[in-house]
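**Student:** Make a model of this:
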Amino acid sequence: MELNDGNLQTLTEYLRKTLNPDPTVRRPAEKFLESVEGNQNYPLLLLTLLEKSQDNVIRVCAAVTFKNYIKRNWRIVEDEPNKISDADRTAIKANIINLMLSSPEQIQKQLSDAISIIGREDFPQKWPDLLTEMVTRFRSGDFHIINGVLRTAHSLFKRYRHEFKSNELWTEIKLVLDTFALPLTELFKATIDLCQTHANDVSALKVLFSSLTLISKLFYSLNFQDLPEFFEDNMETWMTNFHGLLTLDNKLLQTDLVSNAIQFLASVCERPHYKHLFEDQNTLTSICEKVIVPNMEFRSADEEAFEDNSEEYIRRDLEGSDIDTRRRAACDLVRGLCKFFEGPVTAIFSGYVNSMLTEYAKNPGQNWKHKDAAIYLVTSLASKAQTQKHGITQANELVNLTEFFVNHILPDLKSSNVNEFPVLKADAIKYVMIFRSQLPKEQLLQAVPLLITHLQAESTVEHTYAAHALERLFTMRGPNNATLITSAEMAPFTEQLLTNLFKALSLPGSAENEYIMKAIMRSFSLLQEAIVPYIPSLIGQLTHKLLLVSKNPSKPHFNHYLFESLCLSVRITCKANPATVSSFEEALFPVFTEILQNDVQEFLPYVFQVMSLLLEIHSNSIPASYMALFPHLLQPILWERTGNIPPLVRLLQAYLEKGGAAIATSAADKIPGLLGVFQKLIASKANDHQGFYLLNSIIENMPPESITQYRRQIFILLFQRLQNSKTTKFIKSFLVFVNLYCAKYGAIALQEIFDSIQTKMFGMVLEKIIIPEVQKVSGAVEKKICAVGIIKILTECPAMMDTEYTKLWTPLLQALIGLFELPEDDSIPDDEHFIDIEDAPGYQTAFSQLAFAGRKEHDPIGDAVGNPKILLAQSLHKLSTACPGRVPSMLSTSLNADALKFLQGYLQAANVQLV
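**Tutor:** From the prediction side, this is the model:
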């Protein structure tokens with residue numbers, strides 16, 4: 001694509017169409033952009049548009065498109081083509097900093113994100129001048145530019161907070177400090193001075209304090225791994241000014257900076273080294289009174305978010321992304337102080353909690369915020385350790401959680417008006433949720449029907465919390481690892497629970513509420529067959545919802561739980577009555593057809609998984625509706641997207657399992673297409689195992705004559721890959737396939753096909769691959785397949801007894817006994833450690849496994865072989881009767897003593913002898 005006006009105009013038109021709400025206009029435009037994004041100059045055209053377009057909407061759209069393009073394509077993945085030309089990469093890095101800093105804030109944020117994505121891959125080795133270029137802009141004096149640099153630096157450096165220590169990381173941090181620490185400190189001092197100069201100018205202060213907030217975050221990231229020498233030497237500058245900011249009382253400001261400063265105090269008070277600073281009772285009282293209590297208050301900004309921006313409020317409060325709020329910082333400070341001063345701190349705050357609750361009781365309508373702060377304070381005090389799975393796992397023993405629940409939480413949950421005091425109701429629900437592991441079961445059971453009632457609340461936060469609390473309670477484990485709350489205990493509430501959950505999806509603001517959908521999924525999972533009577537009406541609601549969200553998928557978690565709920569409906573109902581599978585197909589196929597026709601990429605992996613689940617329920621035949629779809633599943637475009645590969649392979653395996661013979665007769669012309677998919681998959685280190693899954697299903701389920709003409713070519717492709725790139729994962733899969741082939745077609749067929757490709761190839765495979773590597777095979781079914789295959793080679797292949805292959809007989813038997821008796825060899829060569837880590841490149845939707853669409857492990861050998869050790873003994877006995885004297889003499893001359901002892905054990909267990 002040339003950088004010319006015509007292409008800029010075309011790109012502008014297509015970008016405009018991608019904003020069209022009508023999917024018939026939007027999707028073709030998205031497809032067009034997808035088709036041209038591999039062309040050279042495409043990213044440069046986008047950068048030109050976002051810089052020069054007269055239309056602001058197009059500029060923002062180009063910026064977002066550019067950022068997403070970088071996100072999908074910048075990383076170079078082994079075995080995948082490089083999606084961005086070297087010339088484009090160089091041009092992007094040469095221009096993007098300038099562009100970012102000269103753009104309006106909306107565009108600046110997108111470009112800043114793009115820079116941090118590029119930086120993660122290329123900095124410092126491939127982009128050594130990035131920091132120098134950024135630091136020089138501190139001198140500009142323009143805080144729009146300075147904040148752009150700080151924001152980008154923050155997104156680059158914040159990973160230092162959670163990366164594991166390594167020499168590589170230390171080297172990078174040292175390089176950053178050498179370039180960045182001094183200019184950052186100078187900027188910090190200058191910005192503090194400017195705050196004093198502009199103390200009465202609110203608009204200037206807002207900009208300056210946004211800079212100080214970013215500077216504080218950078219300071220935190222750069223000091224996280226260890227305290228660098230530079231900051232140790234300049235500690236007075238930083239700490240004096242931090243102290244000034246902590247004590248600053250400028251009424252013009254309601255800023256994040258306070259929370260950053262409290263957060264700093266929280267991290268200091270947790271360290272034994274600084275314990276002495278906080279030991280004095282007056283200091284503790286002063287911190288509790290002046291820092292913590294005022295910052296626990298429910299502010300007007302919180303109230304506004306609770307009512308008008310519930311999604312953001314929930315994200316901050318439930319998911320812990322409230323790291324920058326004063327409340328969260330104060331809560332962390334309480335926990336930090338409790339580490340060494342639990343007794344005194346609890347005593348100080350108990351007084352506050354009681355006086356807050358007394359104030360509330362005087363006039364609830366006026367003073368509800370006092371009770372909110374009291375609950376928050378109790379939660380902070382009581383929480384010592386917390387996990388996502390169990391809530392609070394360790395509580396402060398000085399706080400009586402059960403008593404507080406009965407006296408102050410339960411009354412709010414029992415209130416007849418669910419819409420009164422929604423903040424307090426949400427607090428009460430959250431209390432049950434986070435202390436679920438600390439409260440006795442009878443109190444949780446008491447709460448369940450009350451939570452079900454709160455699903456009807458008008459407040460989005462309140463009914464979302466109710467759904468989330470129920471979902472968390474339903475995952476709790478009791479004795480014997482069973483769920484704590486049983487399906488039988490839920491029986492009186494089942495109908496109300498399902499009714500209210502589905503009704504909640506129609507409440508304003510909750511049409512795609514992921515917490516409600518997750519609660520639906522978890523309820524189905526807990527209730528099991530108790531949901532069967534309700535499924536006929538619920539499946540219609542779920543499919544209707546699926547049809548709506550497929551028009552414009554925007555909530556990945558909601559969509560995931562929706563598909564999980566569909567899988568549970570199918571699994572639970574069909575377990576009771578497999579014939580009902582056809583009624584699910586009637587309900588789901590029209591929506592699935594629309595999703596496939598519109599190529600809704602986000603949903604295809606899910607659709608393929610649900611279809612696999614449905615097809616696997618059928619008895620041994622493929623319905624016509626599935627056969628009509630079969631050719632479409634082999635289209636190369638579907639296999640280009642990494643996220644489609646696992647579910648598509650599984651779906652093809654289901655086709656082969658249920659109707660290998662039908663495919664051989666009615667779709668024989670599609671067999672080359674099926675093998676073409678296998679060929680594509682085994683060429684990739686990331687997906688070769690999927691290629692083997694498919695190949696194993698072809699060997700196991702297709703009539704032998706239907707693939708006779710292709711067998712030799714299959715082996716040639718496998719040998720080519722072995723020559724070019726021999727990884728442990730490939731070898732393990734290759735061993736399972738070779739032995740499955742042997743188990744299915746016999747050892748003579750295996751030896752003949754190898755030797756037809758190249759003379760003595762069979763011996764080479766035994767000597768170089770099977771004997772030395774079989775110990776690496778893992779998994780009970782895989783080991784069983786290999787054992788059966790090797791037993792056949794040892795006892796049913798004449799060439800092993802009468803040719804130069806005979807010298808390999810004892811080593812092969814020794815390897816087999818090793819497979820039975822020795823621990824698995826899980827060593828991996830050093831250069832292979834990261835091969836299996838797949839980071840799906842490109843715009844492709846990553847594969848999301850549906851837990852409730854899981855496939856049962858399949859054993860192709862089945863009951864024909866119960867114990868392979870007994871099979872070995874019986875097969876050796878049979879061989880020895882056919883050629884008396886040969887087997888014992890081969891064993892006595894070269895099998896090692898341990899292996900011989902094991903073998904004698906197998907012969908005794910099978911009650912046979914060698915002759």
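
**Student:** Could you find the closest non-adjacent residue to E133?
**Tutor:** Spatial nearest neighbour of E133, chain neighbours left out: I97 (5.2 Å); criterion: C-beta to C-beta, 6 or more residues apart in numbering. (Glycine included, C-beta is placed from N, CA and C.)

**Student:** tally of neighbours for that neighbour?
**Tutor:** 21 (other C-beta atoms under 10 Å).

**Student:** List the contacts of it.
**Tutor:** Taking C-beta atoms under 8 Å, 6 or more residues apart in numbering, we find I97 in contact with I115, L130, E133, M134.

**Student:** Swap in 7 Å and give it another go.
**Tutor:** The neighbours of I97, taking C-beta atoms under 7 Å, 6 or more residues apart in numbering as the test, are I115, E133, M134.

**Student:** Which element, helix or strand, includes it?
**Tutor:** In this structure, I97 sits in helix 86-102 according to DSSP states H and E.

**Student:** after the longest helix along the chain, next one along is what?
**Tutor:** Ranked by number of residues, the top helix in the chain under DSSP state H is helix 326-362. Counting by DSSP H and E, the next helix or strand C-terminal to helix 326-362 is helix 364-382.

**Student:** one step back: how near is the residue nearest to E133 to S894?
**Tutor:** 70 Å (C-beta to C-beta, to the nearest Å).

**Student:** quick one: secondary structure of S621?
**Tutor:** Using DSSP: H, G, I helix; E, B strand; the rest coil, the secondary structure recorded for S621 is coil.

**Student:** Which strands and helices lie in contact with the helix or strand containing R59?
**Tutor:** Counting by DSSP H and E, the element that carries R59 is helix 56-73. Packing contacts for helix 56-73, counted by 3 or more C-beta pairs under 7 Å, 6 or more residues apart in numbering; DSSP states H and E, involve helix 5-18, helix 42-52, helix 105-122.

**Student:** Need these in TSV (columns: distance to I861 and mean pLDDT).
**Tutor:** Conversion of the helices and strands packed on helix 56-73 to TSV gives the following (distance: least, C-beta to C-beta, whole Å; pLDDT from 0 to 100):
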stretch	distance to I861	mean pLDDT
helix 5-18	52	95
helix 42-52	52	95
helix 105-122	46	92
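
**Student:** Would you agree I76 falls within a helix?
**Tutor:** No - residue state for I76 (three-state DSSP) corresponds to coil; a helix is not indicated.

**Student:** Got phi/psi on it?
**Tutor:** Recorded main-chain torsions at I76 are phi -90, psi 120, according to degrees, to the nearest 10.

**Student:** What does the pLDDT read for it?
**Tutor:** With respect to pLDDT, I76 has a value of 88.

**Student:** which intervals of the stretch 301-450 of the chain have sub-threshold pLDDT?
**Tutor:** Applying pLDDT under 70 to the predicted model, the residue ranges of the stretch 301-450 of the chain that meet it are 320-324, 384-387, 389-394, 396.

**Student:** hmm, back to that, in CSV: the contacts of I97, plus distance to E270 and neighbour count.
**Tutor:** Compiled in CSV, those are given as follows (distance: C-beta to C-beta, whole Å; neighbours: other C-beta atoms under 10 Å):
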residue, distance to E270, neighbour count
I115, 34, 29
E133, 38, 16
M134, 33, 23
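
**Student:** do you know how far the residue nearest to E133 is from L614?
**Tutor:** Computed as C-beta to C-beta, the I97 to L614 distance reads 52 Å.

**Student:** What lies in contact with stretch 765-773?
**Tutor:** Taking C-beta under 7 Å, 6+ apart as the criterion, the residues outside stretch 765-773 that touch it are I731, L735, F754, L808, P811, L812, A815.

**Student:** repeat that for 8 Å
**Tutor:** Applying C-beta under 8 Å, 6+ apart, the set of residues contacting stretch 765-773 from outside is 722, 731-732, 734-735, 738, 754, 790, 793, 805, 808, 811-812, 815.

**Student:** Kindly report the same for stretch 645-664.
**Tutor:** Taking contacts as C-beta under 8 Å, 6+ apart, the residues outside stretch 645-664 that touch it are 604-606, 608-609, 611-612, 615-616, 618, 620-622, 626-627, 630, 633, 638-639, 670-671, 674, 677, 681, 687, 690, 693-694, 697-698, 700-703, 706, 847, 849, 855, 858.

**Student:** go again using 6 Å as the cut-off
**Tutor:** When contacts are taken as C-beta atoms under 6 Å, 6 or more residues apart in numbering, the neighbours of stretch 645-664 outside the stretch itself are 605, 608-609, 611-612, 615-616, 618, 620, 622, 687, 690, 693-694, 697, 701-703, 706, 847.

**Student:** Same check on stretch 226-234?
**Tutor:** Here stretch 226-234 has contacts from L177, A181, T185, N223, using C-beta under 6 Å, 6+ apart.

**Student:** tell me the mean pLDDT for it?
**Tutor:** 90.

**Student:** What is the distance between that stretch and the centre of its chain?
**Tutor:** In this view, stretch 226-234 has its centroid 36 Å away from the chain centroid, taken as C-alpha atoms, centre = their mean, to the nearest Å.

**Student:** Kindly export that stretch (C-alpha atoms) in PDB.
**Tutor:** Only the C-alpha atoms of stretch 226-234 are listed here, as PDB (Å, rounded to 0.1, in the frame of the first residue of the first chain):
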ATOM      1  CA  ASP A 226      15.100  -3.000  45.900                       C
ATOM      2  CA  LEU A 227      16.100   0.400  47.100                       C
ATOM      3  CA  PRO A 228      18.500   1.800  44.500                       C
ATOM      4  CA  GLU A 229      21.600   3.700  45.600                       C
ATOM      5  CA  PHE A 230      20.500   6.800  43.800                       C
ATOM      6  CA  PHE A 231      17.200   7.100  45.700                       C
ATOM      7  CA  GLU A 232      18.900   6.200  49.000                       C
ATOM      8  CA  ASP A 233      21.200   9.200  48.400                       C
ATOM      9  CA  ASN A 234      18.300  11.400  47.600                       C
END
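
**Student:** Just the buried residues of that stretch, please?
**Tutor:** Residues of stretch 226-234 classed as buried by neighbour count (16 or more other C-beta atoms under 10 Å): P228, F230, F231, N234.

**Student:** Among those, which one sits closest to Q904?
**Tutor:** Of all the buried residues of stretch 226-234, the one sitting nearest Q904 is P228; the distance, using C-beta to C-beta, is 66.3 Å.

**Student:** Could you check how far that closest one is from N241?
**Tutor:** Using C-beta to C-beta, one gets 18 Å for the distance from P228 to N241.

**Student:** same question, A457
**Tutor:** Distance of A457 to N241, computed by C-beta to C-beta: 46 Å.

**Student:** Neighbours of the nearest residue to T494 once chain neighbours are set aside, how many?
**Tutor:** Leaving out its chain neighbours, the residue that sits closest to T494 by C-beta to C-beta, 6+ apart is A530, at 5.6 Å. Burial of A530 is recorded as 18 neighbouring residues (other C-beta under 10 Å).

**Student:** Show me the strands in this protein, by range?
**Tutor:** Shown for the chain, the strands assigned by DSSP state E span residues 383-387, 391-395.
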